[in-house]
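Asker: next one to model:
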Amino acid sequence: MSGSAVHVAAASSGSTTGWAIGYTVAIVVVLVVVALVVPILLLARSIGGQAKTIDDSLTESVHNTAALKELRTTIEHAQVIVAGLERGRTRLGG
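Answerer: Numbering: from 1, shown residues only. Down below sits the predicted model:
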């Protein structure tokens, strides 16, 4: 082999090594990204399921406590009734 043929063979071997290192680094980076993203996606899915449960519970709570919005009216009517009873007791001498 001549000197230039050895130089070409060495250059192509180095060139191939560079590509192999590049591909290896790229694969490692992709694997690291996947390893970081998959747990995040699983956690997001879990949170989504819990959010649905929480939303359903809050909707039920709104339904169960809807009557409380009339509590002020009930209190006002009770105060009127109590005042009327006090007037009646006073008129009866008690």
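
Asker: pLDDT below threshold where in this structure?
Answerer: Within the chain, the segments meeting pLDDT under 70 span 1-14, 94.

Asker: can you give me the helices for it?
Answerer: 3-64, 71-91 (DSSP state H).

Asker: now render these as JSON lines, adding mean neighbour count.
Answerer: Every residue, glycine included, has its C-beta placed from N, CA and C. Compiled in JSON lines, those are given as follows (neighbours: other Cβ atoms under 10 Å):
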{"stretch": "helix 3-64", "mean neighbour count": "10"}
{"stretch": "helix 71-91", "mean neighbour count": "10"}
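
Asker: quick one: the residue nearest the centre of the chain from residue 35, how far?
Answerer: Residue closest to the mean C-alpha point of the chain, counted by Cα atoms, centre = their mean, is residue 47 at 4.4 Å. The gap separating residue 47 from residue 35 is 20 Å, by Cβ to Cβ, to the nearest Å.

Asker: with residue 74 instead?
Answerer: Separation of residue 74 from residue 35 (Cβ to Cβ): 60 Å.

Asker: also residue 61?
Answerer: 40 Å.

Asker: and for residue 76?
Answerer: Residue 76 sits at a distance of 63 Å from residue 35 (criterion: Cβ to Cβ).

Asker: then residue 46?
Answerer: Relative to residue 35, residue 46 is positioned 18 Å away (Cβ to Cβ).

Asker: swap in residue 23?
Answerer: The separation that residue 23 has from residue 35, given Cβ to Cβ, amounts to 18 Å.

Asker: same question, residue 51
Answerer: Going from residue 51 to residue 35 by Cβ to Cβ gives 26 Å.

Asker: try residue 43
Answerer: Relative to residue 35, residue 43 is positioned 14 Å away (Cβ to Cβ).
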